[in-house]
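# Quick one: sequence plus predicted model below, questions after.
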Amino acid sequence: MIHVEVRHPRLARRNEHPADVRDRLLGRVIHRVGRRGKFLLVDVEGDLTWVIHLGMSGRIELAYPGQLEKPHTHVVVGTDRGQEMRMVDPRTFGFMAVYTPEELARSTIADLGPDALHDLPPTSVWAQRLAGRKVAIKTLLLDQRLVAGLGNIYADEVLHRAGIRPHRRAGSLTREEVNRLRTAVRLVLRAGLRWGGTSLGDLAYLLPDGRAGGYLDRLRAYGREGLPCRRDGAPIERTVIGGRSSFWCPQCQQ
DNA sequence: ACCTCCCTGGCC
DNA sequence: GGCCAGGGAGGT
């Protein structure tokens, strides 16, 4: 059984009535915790789905009541087991929502694509969905409706691994390139997980035990403007695509 | 298929 | 002071 205290109403903004987050979860039992892409999906007693997204700067901590709270602790979830879950989010781009089945079906969660790690579509499906599209492939990789889970860092890493320029029109990719892209998604995400994810300089993201993830030192493109490409030594370039910084190698990415 | 906005904090 | 930042939605 849980009880929720939402201290910053902005984090409950996705519910029509922000108080629903507290009221609908009060005294309920959690049945199952799942994930699709970057969305945490929790099945709650009473046919409710509790959706949690960390946005850019959100993190979840476990603590015991009374332990010193970090700044920007905006939601506290108490349990009958003593431990509490705290959502800390300086920029408040994260959110929590509690949906009925009807609300869930109307929400953007319903449009989420297959999870990039566990339900990666076959190359033929990728090819179909890319065909005729004029949008930059980088933009499409970030569109969670195609495949759910890639963010700005991993999109750049995937494109570097696949040897494809981020500005390429999605529809211009050959079957061979689509296949390389799909393979790269698996490789890059698994490597990222194996190394504990990408903790950047600000250490906003850390592993649950407080250590920094080690993938930053293994990045091949993201954040490496002017540094030598780890495949061929050419200096990595930075451009803006769809409003997001994009890093790529002008030599090994076509 | 683009832009802008939502926020706070860190860095130059 | 201005610029930048792991994301996503909404409007043109």
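Thanks, I have the structure now. Numbering: from 1, shown residues only, chains lettered A, B, ... in the order given.
# From A:G192, how far off is the residue of the stretch 151-254 of chain A found nearest DNA strand C?
Relative to DNA strand C, the nearest point of the stretch 151-254 of chain A is A:G151 (2.1 Å; CB to the nearest atom of the strand). C-betas here are computed from N, CA, C, even on glycine. Computed as CB to CB, to the nearest Å, the A:G151 to A:G192 distance reads 10 Å.
# Comparing the two, which residue is more hemmed in?
A:G192 (20 against 16; other CB atoms under 10 Å).
# tell me the phi and psi of that one?
Dihedral pair for A:G192: phi -60, psi -40, per degrees, to the nearest 10.
# Return the set of buried residues in the helix or strand harbouring A:E5.
According to DSSP states H and E, A:E5 maps onto strand A:2-6. Of all the residues in strand A:2-6, those buried under the rule 16 or more other CB atoms under 10 Å are A:2, A:4, A:6.
# my guess is the first one contacts A:V76, does it?
Read it as A:I2. No - using CB atoms under 8 Å, A:I2 is not in contact with A:V76; the gap is 10.5 Å.
# Report the set of residues contacting both of the two.
Taking CB atoms under 8 Å, 6 or more residues apart in numbering as the contact criterion, A:I2 and A:V76 have no common neighbours.
# can you tell me which residues contact the residue in the stretch 1-150 of chain A that DNA strand B sits nearest to?
As assessed by CB to the nearest atom of the strand, DNA strand B sits closest to A:R91 within the stretch 1-150 of chain A, at 3.3 Å. By CB under 8 Å, 6+ apart, A:R91 lies in contact with A:55-58.
# Which of the residues you listed sits closest to A:R28?
A:G58 (22.1 Å; CB to CB).
# residues near that closest one, how many?
When neighbours are defined as other CB under 10 Å, A:G58 has 24 of them.
# Now do the contacts for it.
Counting by CB under 8 Å, 6+ apart, A:G58 touches A:87-89, A:91, A:93-94.
# What score does A:L203 have for pLDDT?
Note on A:L203: pLDDT of 84.
# Three-state assignment for the residue lying closest to it once chain neighbours are set aside, please.
In space, and not counting its chain neighbours, A:L203 is closest to A:A212: 6.2 Å by CB to CB, 6 or more residues apart in numbering. Of the three states, A:A212 takes coil under DSSP: H, G, I helix; E, B strand; the rest coil.
# now A:S124
Assigned by three-state DSSP, the conformation of A:S124 is helix.
# How about A:V21?
Following three-state DSSP, we place A:V21 in the helix state.
# From A:P18, how far out is A:H8?
10 Å.
# And for A:G171?
According to CB to CB, A:G171 and A:P18 sit 41 Å apart.
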